[in-house]
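> below are the sequence and a predicted model for it; my questions follow.
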Amino acid sequence: MNYVILRDVTASDLPILFDQQLDPESSTMAALPSRDKEAFDTHWAKIMADKTVTLKTIEVGGQVAGHLVSFNLEGERQVGYWLAKEFWGKGIATEALKQFLTYIHERPLFGRVAKHNIGSRRVLEKCGFKVIREDTYINIGKEEVEEFVLKLN
């Protein structure tokens, strides 16, 4: 496997992360519609300024492969991640999340994954998360998404 490095997100990462979230297959898997440039920039400025959010860039072979995030949602500490499609299926997301969990000491920790995203569910399960319930929510595209909620104690 390629060497996976986590580092702080920098402004120079943002154009790459913007392009990654434009990929239609990635958006479908994440059940998260792509943002236009203005909405993306606004969202990232907000989360980068929020001291309760932990953000890391995933770097593989000197390339920005994606990012990880941890944030509070309705009183629960969440983790999330985005991996560019060309890095899928190589164990990178699992390795990155394992490393990221060493930065996030709060437990329990929760992960949410669209039901159709089997690969992402497996990443969470390989890192010790267990499915605790099913849920639905309305995403930023105003679409209803069925999801699994997983928990790490």
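Arrived safely, thanks for sending.
> this protein: strands as residue ranges?
For the chain, applying DSSP state E gives strands covering 4-7, 54-60, 63-73, 76-83, 109-114, 130-138, 144-152.
> export those strands to TSV and tack on distance to residue 34 and mean neighbour count?
The C-beta positions use only the backbone N, C-alpha and C, and glycine is treated the same way. Listed next are the strands of the chain as TSV, based on distance: least, CB to CB, whole Å; neighbours: other CB atoms under 10 Å:
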stretch	distance to residue 34	mean neighbour count
strand 4-7	24	16
strand 54-60	19	20
strand 63-73	15	19
strand 76-83	11	19
strand 109-114	15	21
strand 130-138	17	11
strand 144-152	15	17
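> of those, which is nearest residue 90?
strand 54-60 (8.4 Å; CB to CB).
> chain center to the closest one: distance?
10 Å (CA atoms, centre = their mean, to the nearest Å).
> list the helices and strands that strand packs on?
strand 4-7, strand 63-73, helix 92-100 (3 or more CB pairs under 8 Å, 6 or more residues apart in numbering; DSSP states H and E).
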